[in-house]
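Asker: model this:
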Amino acid sequence: MRKYLLPLSFIIVIGISVLITVNPFQAPIVKEDPISQKWDDIDQEEVLMEVGNEHVEMVDLREEELYRKGHISGAINIPYEEFQDRYDELNQEKRIILICHTGRMGVESADFLVEKGYDKVANFGGGMAVWDGPLSIE
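Answerer: This is a model prediction of the structure:
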């Protein structure tokens with residue numbers, strides 16, 4: 001019976017070594033979405049610097065009612081639900097800044113624009129939920 005202890009302990013040591021080296025329980029490495037790397041995530045300070053810039057188009061993706069209650073000066077309104085049908089209204093030569101409630105719809109819309117060949121795209125991360133700058137009302 002003793003002659004089997006050495007091989008069994010040897011097998012246990014080898015098994016543990018393999019588990020340490022090749023951990024099947026380790027979470028897979030998640031790479032960043034390559035599309036999202038092709039557009040900028042910007043904050044309020046950067047948005048404020050772009051207000052009034054003739055080389056920038058700001059697009060408010062919120063519903064028309066929310067847009068009319070208050071939006072960033074110079075932003076045009078293309079509601080998220082209509083965006084994929086109306087994106088060609090945007091000037092591809094300008095930098096496009098997307099603005100929504102919290103930034104999520106902007107992320108999806110930025111990915112969409114990049115897929116359509118736009119290369120100067122930014123999303124206002126946090127969206128109007130974090131905006132404390134001036135508002136235009138219509």
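
Asker: Going by C-alpha atoms from here, please, whenever you check contacts or count neighbours.
Answerer: Noted.

Asker: residue nearest the centroid of the chain?
Answerer: Val107 (3.8 Å; CA atoms, centre = their mean).

Asker: That one against Gly127, yeah?
Answerer: No: counting by CA atoms under 8 Å, Val107 does not reach Gly127; the two are 10.5 Å apart.

Asker: Quick check: which ranges of the chain have low pLDDT?
Answerer: Across the chain, the ranges flagged by pLDDT under 70 are 1-11, 13, 15, 17-36.

Asker: please redo it, this time with the cut-off set to 50
Answerer: For the chain, applying pLDDT under 50 flags the ranges 29-31.

Asker: Show me where it has its strands.
Answerer: Using DSSP state E, the strands of the chain run over residues 40-42, 56-60, 76-77, 95-99, 121-124.

Asker: Please name every helix or strand in contact with the first one.
Answerer: Strand 40-42 makes packing contacts with strand 121-124 when contacts are defined by 3 or more CA pairs under 8 Å, 6 or more residues apart in numbering; DSSP states H and E.

Asker: just the CA coordinates of the strand it packs on, formatted as PDB?
Answerer: Output in PDB follows, covering the C-alpha atoms of strand 121-124 (Å, rounded to 0.1, in the frame of the first residue of the first chain):
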ATOM      1  CA  VAL A 121     -17.200  61.400 -33.400                       C
ATOM      2  CA  ALA A 122     -17.500  62.100 -29.600                       C
ATOM      3  CA  ASN A 123     -20.000  61.200 -26.900                       C
ATOM      4  CA  PHE A 124     -20.700  63.400 -23.900                       C
END
